[in-house]
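> 3D model of this:
(one chain, ligands or ions: 1)
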Amino acid sequence: MTTATTTSRTAVVTGAARGIGASIARRLAADGLAVAVADLEESACYSVVEEIQAAGGRALAVRVDVRDEDAVHDAIERIVSELGEPTVLVNNAGIIRDNLLFRMTVEEWDAVMDVHLRGSFLMARATQGFMTKAGWGRIVNLSSTSALGNRGQVNYSAAKAGLQGFTKTLALELGKFGVTANAIAPGFIETDMTAATAARIGLSFEEFKTAAAEEIPVGRVGVPEDVANAVSFFVSDRAGFVSGQVLYVAGGPKA
Ligand code: NAI
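Here you go, the predicted model:
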């Protein structure tokens, strides 16, 4: 049974200052949710918040380091008092620290595990109580086609595959409370993250995108809105019977 209307729902989107997270925040706000735009720096979130407000939506810029238990606690407390109890969580914050296995440092391994796995765990644990209390909730985790394996990303692919298992277990544990959990696994999406990869391998972003598009069945690279549209579906009431799934948003069946 749905106990809250869409207009009174609050969503938290991590890593929402830019890229895919910003697009998800804009989309959920357009869908009628109040959105906490959460990222490492509060000021980095202001432009996304202003855009949402200019379009008539409700949003709040929130500083959070998802790796830090106390920071997560403080951020959620602030969201509850200034926006509302969050019943939607999008674990989008992410980093890459690419290297071939023989060169990968422990710091690079840990950094990626901490943001994606520890961060998603801390955020889900901190928000699930509001969802179970409401008898309704939505958790969406950002995986990646790299979960299927990607050269130079042993840390990132392990974290993104780990998020798929995390998602399925959340679905099992929280389903009876009306809470669904799903993962989205994007392929190549045009953002600062993929621009950084182009720079690392010595290609211009245009060259990198053109080469990637040639390998993608629909003949183009993705844009953040492609992912935001899928998040919007998972968060909607229409998706209440869809849980524990991994949706590849990659312009084809595999990267
Ligand atoms: P991005 O690098 O443009 O944005 C990531 C955001 O996360 C940044 O604003 C950053 O400040 C924030 N962030 C990093 N560490 C954080 C922390 N500890 N606490 C809070 N925020 C933190 O990345 P992009 O491309 O928008 O990616 C978003 C998500 O989608 C990531 O999880 C990424 O792994 C995933 N993804 C991206 C793909 C792509 O092609 N761009 C493909 C598949 C998955």
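> Wait, a helix at residue 139?
No: counting by DSSP: H, G, I helix; E, B strand; the rest coil, one finds residue 139 to be strand, located in no helix.
> For the stretch 1-150 of the chain, give me the ranges with low pLDDT.
1-7 (pLDDT under 70).
> residues from it in reach of the ligand?
14-15, 17-21, 39-40, 64-67, 92-95, 115, 119, 142, 144 (CB under 6 Å from any ligand atom). C-betas here are computed from N, CA, C, even on glycine.
> and the residues you listed, which of them are in helices?
Of the positions in these, 19-21, 119 sit in helices, assigned by DSSP state H.
> just those now: which is nearest the ligand?
residue 19 (2.4 Å; CB to the nearest ligand atom).
> That closest one against residue 191, yeah?
Yes: contact between residue 19 and residue 191 holds when scored by CB atoms under 8 Å: they sit 3.7 Å apart.
> Quickly list what's touching both of the two.
Counting by CB atoms under 8 Å, 6 or more residues apart in numbering, the contacts common to residue 19 and residue 191 are residue 224.
> need the strands for the protein, in chain order.
10-14, 34-39, 59-63, 86-91, 137-142, 179-186, 246-249 (DSSP state E).
> Return the last one as CSV; C-alpha atoms alone will do.
Spelled out, that is strand 246-249. Extracted in CSV, the C-alpha atoms of strand 246-249 (Å, rounded to 0.1, in the frame of the first residue of the first chain):
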residue,chain,number,x,y,z
VAL,A,246,20.0,-5.1,-13.3
LEU,A,247,19.2,-3.0,-16.3
TYR,A,248,21.9,-2.5,-18.8
VAL,A,249,21.6,1.0,-20.3
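> Which other helices and strands does it contact?
Under the contact criterion of 3 or more CB pairs under 8 Å, 6 or more residues apart in numbering; DSSP states H and E, strand 246-249 touches strand 179-186, helix 224-235.
> Tell me which of those approaches the ligand most closely.
Taking the helices and strands packed on strand 246-249 one by one with CB to the nearest ligand atom, strand 179-186 is closest: 3.8 Å.
> do the closest one and the ligand meet at all?
Yes: for strand 179-186, a contact with the ligand is found by CB under 6 Å from any ligand atom, at residue 186.
> partner strands of that strand, parallel or antiparallel?
If you go by DSSP bridges, strand 179-186 pairs up with strand 137-142 (parallel), strand 246-249 (parallel).
> Could I get those strands in a markdown table, plus columns for distance to residue 208 and mean neighbour count?
A markdown table is the format used below for the strands paired with strand 179-186 (distance: least, CB to CB, whole Å; neighbours: other CB atoms under 10 Å):
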| stretch | distance to residue 208 | mean neighbour count |
| --- | --- | --- |
| strand 137-142 | 21 | 26 |
| strand 246-249 | 19 | 18 |
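> Of all the strands of the chain, which one comes closest to residue 237?
Checking the strands of the chain against residue 237 by CB to CB gives strand 137-142 as the closest, at 9.5 Å.
> quick one: contacts of that closest one?
With CB under 8 Å, 6+ apart as the criterion, strand 137-142 contacts 20, 87-92, 94, 120, 124, 127-128, 130-131, 163, 166-167, 170, 174, 177-184, 186, 227, 231, 234-235, 239.
> go on, stretch 196-204?
With CB under 8 Å, 6+ apart as the criterion, stretch 196-204 contacts 96, 98, 205, 207-209, 211.
> How about stretch 160-169?
91, 113, 116-117, 120-121, 124, 139, 141-144, 146-148, 181-183, 185, 244, 246.
> Can I get the buried part of these as one PyMOL selection?
Command for PyMOL that selects the buried part of the contacts of stretch 160-169, burial taken from 16 or more other CB atoms under 10 Å:
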select buried, resi 91+113+116+117+120+121+124+139+141+142+143+144+146+147+181+182+183+185+244+246
